[in-house]
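Asker: Next input, structure requested:
(2 chains)
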Amino acid sequence: MWIYIVRRLLLVVPVIIGVMTIVFILVSLIPPSTRIAIYLGPLARNCKPGLPCWNNARNAIGLNQPLPAQWGIYIWNSLTLHWGYTNPSSEASIGAQLGHTSYPVASVLSWYLPYTLELAFFALIIILVVSIPLGNLSAVYRNRPLDQGARVLSFSGYALPGFLLASIVLLAAVALSGGYAPTCHGLSYYFDNWFGSWPDPACIPGTPSTLPSWIGPHLETSPTGFPTIDALIHWNTPGGPYLVEQSLQRMLLPALVIAYGYIASILRFVRNSMLEVMNLDFVRTARAKGVPERQVINRHAGRNSLNVTVTVLGLTFAFFITGFPIIEDVFHLRGIGYLLALSIQPEPDFGIIFGSTLLLTLIVVAANIIVDVTYAYLDPRVRLG
Amino acid sequence: MESNRTSETLEPTEGAPTLSGRRPNPQWEQYKRTFYFLRRNRLAMFGLIIVLLFVAIAAYSPFYPGPGDRLATYCSSATIVGTNSSCAVVVCTYPIGSTPTGSPCYSYAFGEPSVIAPTIDLSHFTLGPLPLGSLTVDPSAGVMYNIATGLIKGAPWSLGIAAAVVGTGALVGLLLGALAGYSGGYMDETIMRFTDIFLAIPGLFLVLVTLSALGSRFSTLDGRIGILIVAFVITWWPLYTRIVRGQVLVTREQKYVEAARASGARSGRILRKHIIPNSLYPVFVQLSLDIGTIPLLLGAIIFLGYQIWPSIYFPEWGTMSAQAVTNLSAFLLQCAIAGTTTPCVFPWWQIFFPGITLFLFCISVNFLSDGLRDALDPRLRR
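Answerer: The predicted structure follows:
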């Protein structure tokens, strides 16, 4: 098993270098002055072209050297998490969000990443809880109304644009929970309840009108960084239970919308693999022995079709991540996707665009390793073959 | 087929004359059989009809009276709404069905996002549903466009971009996948490692990164759309390469390939005549699936703020629904800030018609692709 894991990890090295190379090719296509500004960060304000500091920066990222040397420097900087600085310009949404200060891209990403990971966790739970039983039922009741209903339902999730569905869900949630009537801080209370990662301090019931101190200025939470976990840790502080509830509530709708769009593909794979397993000899043998049908489906067929599901989850993880920017943008949920949406318009923040792509690719690669190792654990043929 | 066996030709070559005339083309027979299986699948037939309908709309679109889909269009009574650097943004007001005449105006007549977004006027939303037959302009609220016209004018764009992306991607994937699968060894390893690298990057991110790095270099509309297609192809080719390679690996070991090799056929001929035609069907299925996804993804990109064509609204289904949702969000925020429901009539029609078009297109393409898979794969024909 350990040999398999080490071998799998070694295989990842060229992929990571390759991804960085692709990003480097794209980086080398943007104007050199932008690259220098990303590298300089807060210093760029006083550093103009022609000054010694400008030339030093240009030499530091290798712009005076041939492309292979630039590539080497870029790979080294990427591996050591020197991903440049954010764009402090007031034209860039991200600059406005961060108070016109230039922060290192890596630390900005680290503030936003836990929110995305938590959202992914909740969405994956919803997907697994819905699609595995439904896929199995679909296979058992093949071409019957239940099967067709499940397929049409999941297809419809796949065929609706995410931004449209998310906006409608947000609108419906506000309308159903009470509309726009009471306001706090000039904003509708119920709207605020579903929008953003944390409540507007003015909307928190009770006396404290600020967010507690464990939520930092950039909404990074301590000690773990994961909002819901941190809220649970601070359960006993004033307003603690309320913030736990709020944190979960604000994750609920985005997770549901992401899951709805993704269930279709997983359901299809679960159904197909279950259909395949149900035609195998050992299932027939089990039936012939007189094992009750429920047990045949749950124990003999269901367990064996699970392997395929694990693989598919891993293979399509990159597609899963693709849905995040839109959903996070609609719900203003802090996360890498929201950050990306902020950094596109009106003035692009290339540091964040390249950095978030690199980071999410690394996450996808890590997820693939976890899936492969799980698969090898479930199926000995893989790790020995 | 049986009746033709009576022909006395020893070596029946393609199209050889027989006693009863010409031999039926086996390829054609195959298509007929596939269509027979497809016709039995009701959902697939539904999908096929809807897709054909959309194709017909796209073909009819250039003849549809209304604001042109390219830069110049003619209108009788023009209202100048705003100007951008190069030309006046002009919106035409004329009833649908009349022939546009008059001076040319330089816009799609779909409005200027920078005008629409910041100056949303709440009273504008109390108009109620827009009648689908007329074009209404409210200069204070930005430009309003006729949704039906937009959808019809947008059809060739949506279908065209999707077809271009999928066609190029599938072609690249087919060539590389066949090369990797058939030659094996070093070549296979190299191509597949490249594929792995591209597949590891989440699709939307790769498209957006490519677009933001390259987009500003192109200043013409054709260039911008070209770069959009390139960005999508960069994201899509590895998927096809992987599918084709997997299929070629299976096909390569078949008896008929062995027979062809034994009878002295060269690699190129085996690839062309035996392996590629027999590895095509999963590509076909994936291809038809992706045609439905691309307009959705295009809408997502527009929604995230990327502008295909700065300052002029672009008639394309995904773009239209993204624009509608953006409008709706601005409107929603206004309502939320105002804290009252009285001026907020939900402009459902803006979002509903583009949304339902996209939905119908995507879902029918899905049904069709499912049906195709069942019809093309002999193992599933039961």
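Asker: residue ranges with poor pLDDT in chain A?
Answerer: Within chain A, the stretches with pLDDT under 70 are A:179-181, A:183, A:185-187, A:206-209, A:315, A:382-385.
Asker: What sits closest to the residue positioned nearest the centre of it if chain neighbours are left out?
Answerer: Closest to where the C-alpha atoms of chain A average out (CA atoms, centre = their mean) is residue A:116, at 4.4 Å. Nearest non-adjacent residue to residue A:116, counting by CB to CB, 6 or more residues apart in numbering or on different chains: residue A:335, 3.7 Å away. C-betas here are computed from N, CA, C, even on glycine.
Asker: check which helix or strand covers whatever residue of the stretch 51-200 of chain B ends up closest to chain A.
Answerer: Distance from chain A to each residue of the stretch 51-200 of chain B (CB to the nearest CB) is smallest for residue B:197, at 3.5 Å. Assigned by DSSP states H and E, residue B:197 belongs to helix B:185-200.
Asker: outside of that helix, which residues touch it?
Answerer: Applying CB atoms under 8 Å, 6 or more residues apart in numbering or on different chains, the contact partners of helix B:185-200 are A:14-15, A:18-19, A:21-22, A:318, A:361, A:364-365, A:368, B:176-177, B:179-181, B:206, B:234-235, B:237-239, B:241-242, B:245.
Asker: switch the cut-off to 6 Å
Answerer: A:15, A:18, A:19, A:361, A:364, A:365, B:176, B:180, B:238, B:241, B:242 (CB atoms under 6 Å, 6 or more residues apart in numbering or on different chains).
Asker: same check, this time on stretch A:8-17
Answerer: Under the criterion CB under 6 Å, 6+ apart, residues A:365, A:369, A:372, B:196, B:197, B:200 lie in contact with stretch A:8-17.
Asker: Would you map the helices across chain B?
Answerer: Using DSSP state H, the helices of chain B run over B:26-40, B:42-60, B:113-116, B:147-183, B:185-200, B:203-214, B:221-252, B:255-262, B:267-270, B:276-303, B:317-338, B:348-376.
Asker: Roughly how far does residue A:137 sit from chain B?
Answerer: In this view, residue A:137 and chain B are 19 Å apart by CB to the nearest CB, to the nearest Å.
Asker: Confirm that that residue sits in a helix.
Answerer: Yes: counting by DSSP: H, G, I helix; E, B strand; the rest coil, residue A:137 is part of a helix.
Asker: who touches it in this structure?
Answerer: By CB under 6 Å, 6+ apart, residue A:137 has no neighbours at all.
Asker: What residues does chain A have near chain B?
Answerer: Residues of chain A lying close to chain B (CB under 6 Å from any CB of the partner chain) are A:15, A:18-19, A:26, A:29-30, A:155, A:159-161, A:163-164, A:167, A:179-180, A:183, A:187-188, A:191, A:318, A:321-322, A:325-326, A:341, A:344-345, A:348, A:353, A:357, A:360-361, A:364-365.
Asker: Can you list the low-confidence ranges for the stretch 251-382 of chain B?
Answerer: Checking the stretch 251-382 of chain B against pLDDT under 70 turns up B:309-315, B:327-350, B:378-382.
Asker: thinking again about what came up before, what subset of the residues of chain A next to chain B is buried?
Answerer: A:15, A:18-19, A:26, A:30, A:155, A:159-161, A:163-164, A:167, A:179-180, A:183, A:187-188, A:191, A:318, A:321-322, A:325-326, A:341, A:344-345, A:348, A:353, A:357, A:360-361, A:364-365 (16 or more other CB atoms under 10 Å in any protein chain shown).
Asker: Can you list which of the residues you listed are found in helices?
Answerer: Among those, DSSP H puts A:15, A:18-19, A:26, A:155, A:159, A:163-164, A:167, A:191, A:318, A:321-322, A:325-326, A:341, A:344, A:353, A:357, A:360-361, A:364-365 in helices.
Asker: How is chain A divided into domains?
Answerer: With domains defined by automatic domain parsing, chain A comprises A:2-90, A:107-384.
Asker: which of those is buried the deepest?
Answerer: Highest mean neighbour count of the domains of chain A: domain A:107-384, a mean of 19 (counted as mean count of other CB atoms under 10 Å in any protein chain shown).
Asker: Can I get stretch A:117-133 in PDB, CA atoms only?
Answerer: Provided in PDB are the C-alpha atoms of stretch A:117-133 (Å, rounded to 0.1, in the frame of the first residue of the first chain):
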ATOM      1  CA  LEU A 117     -13.500  23.900   1.100                       C
ATOM      2  CA  GLU A 118     -16.400  23.900   3.600                       C
ATOM      3  CA  LEU A 119     -18.800  24.600   0.800                       C
ATOM      4  CA  ALA A 120     -17.300  21.700  -1.200                       C
ATOM      5  CA  PHE A 121     -17.700  19.400   1.800                       C
ATOM      6  CA  PHE A 122     -21.400  20.200   2.300                       C
ATOM      7  CA  ALA A 123     -22.100  20.000  -1.400                       C
ATOM      8  CA  LEU A 124     -20.300  16.600  -1.600                       C
ATOM      9  CA  ILE A 125     -22.300  15.300   1.300                       C
ATOM     10  CA  ILE A 126     -25.600  16.300  -0.300                       C
ATOM     11  CA  ILE A 127     -24.500  14.800  -3.600                       C
ATOM     12  CA  LEU A 128     -23.500  11.400  -2.100                       C
ATOM     13  CA  VAL A 129     -26.600  11.300   0.200                       C
ATOM     14  CA  VAL A 130     -28.900  11.900  -2.800                       C
ATOM     15  CA  SER A 131     -27.300  10.300  -5.800                       C
ATOM     16  CA  ILE A 132     -26.100   6.900  -4.500                       C
ATOM     17  CA  PRO A 133     -29.500   5.700  -3.100                       C
END
